[in-house]
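Undergrad: please work out how this folds:
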Amino acid sequence: MDKEKQKDFARRVSQANRTQLVAITYDIMLENIKCAYECLENGKTEEFRSELKSAQKFLAELMRSLDFKYPISVNLLRIYEYVKVIFVSSEISGENRGLNSAESVLSKLGSAFHEISAQDTSEALMQNTQQIVAGLTYGKGTLNEADMTAGSNRGFLA
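TA: Here you go, the predicted structure:
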């Protein structure tokens with residue numbers, strides 16, 4: 001994944017609540033899969049494996065965060081295990097071993113969590129972060145983002 005995408009995800013995470021974090025995690029995994037496809041097409045096997053390892057880390061985080069007092073968690077765990085098998089198989093072989101199936105499953109789950117996150121009005125988990133506002137200035141062919149907290153106290157509050 002390129003640096004610009006990483007910065008975009010970091011910005012989104014800094015402004016997200018709990019439900020949005022789950023939706024962003026799905027977006028990151030889907031981006032890893034997309035990048036893995038590109039690496040495979042270009043013959044970059046090591047980068048392909050690296051993208052899949054990254055996706056596996058985010059999948060593992062989703063698995064760890066399941067709350068088993070809800071019955072749906074067992075179903076989600078089974079789905080995550082299925083996707084993990086595909087990731088590991090593809091990583092070991094260096095080939096596309098059903099990644100399109102994993103991508104489809106993650107895309108559907110991600111869409112569901114995006115719908116749920118639209119209804120979640122809780123505040124962002126990270127406090128004392130920069131507030132980013134898009135659309136205040138425009139560059140040639142691009143939309144620039146402006147930091148609206150310039151000069152404010154960032155970081156840990158004592």
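Undergrad: which other residues reach stretch 96-115?
TA: Under the contact criterion CB atoms under 8 Å, 6 or more residues apart in numbering, stretch 96-115 has outside partners 19, 22-23, 26-27, 29-30, 33, 36-37, 40, 76, 79, 82-83, 86-87, 89-90. Backbone N, C-alpha and C define where each C-beta goes, glycine included.
Undergrad: show the buried residues in these.
TA: 19, 22-23, 26-27, 29-30, 33, 36-37, 40, 83, 86-87, 89-90 (16 or more other CB atoms under 10 Å).
Undergrad: can you pull out the strands in this protein?
TA: Using DSSP state E, the strands of the chain run over residues 132-139, 142-147.
Undergrad: show me the protein divided up by domain.
TA: 3-119, 127-158 (automatic domain parsing).
Undergrad: JSON lines for those domains, including mean pLDDT?
TA: Converted to JSON lines, the domains of the chain look like this (pLDDT from 0 to 100):
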{"stretch": "domain 3-119", "mean pLDDT": "92"}
{"stretch": "domain 127-158", "mean pLDDT": "56"}
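Undergrad: looking at the ones you listed, which one is packed in the most?
TA: domain 3-119 (a mean of 16; mean count of other CB atoms under 10 Å).
Undergrad: now it: how far from the chain's centre is it?
TA: 7 Å (CA atoms, centre = their mean, to the nearest Å).
Undergrad: ditto for stretch 100-120
TA: In terms of CA atoms, centre = their mean, the centre of stretch 100-120 is found 11 Å from the chain centre.
Undergrad: mind checking the longest helix of the protein?
TA: Determined from DSSP state H, the single longest helix within the chain is helix 18-41.
Undergrad: dump that helix to CSV, restricted to CA.
TA: What follows is helix 18-41, C-alpha atoms only, in CSV (Å, rounded to 0.1, in the frame of the first residue of the first chain):
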residue,chain,number,x,y,z
ARG,A,18,-15.8,2.2,17.4
THR,A,19,-18.1,1.1,14.6
GLN,A,20,-16.2,3.2,12.1
LEU,A,21,-13.0,1.6,13.1
VAL,A,22,-14.4,-1.8,12.2
ALA,A,23,-15.5,-0.5,8.8
ILE,A,24,-12.1,1.1,8.2
THR,A,25,-10.4,-2.2,9.1
TYR,A,26,-12.4,-3.9,6.3
ASP,A,27,-11.4,-1.1,3.9
ILE,A,28,-7.7,-1.6,4.8
MET,A,29,-8.0,-5.4,4.1
LEU,A,30,-9.7,-4.8,0.8
GLU,A,31,-7.0,-2.3,-0.1
ASN,A,32,-4.3,-4.9,0.8
ILE,A,33,-6.0,-7.4,-1.4
LYS,A,34,-6.2,-4.9,-4.3
CYS,A,35,-2.5,-4.2,-3.9
ALA,A,36,-1.7,-7.9,-3.7
TYR,A,37,-3.4,-8.4,-7.0
GLU,A,38,-1.3,-5.6,-8.6
CYS,A,39,1.9,-7.1,-7.1
LEU,A,40,1.0,-10.5,-8.5
GLU,A,41,0.3,-9.1,-12.0
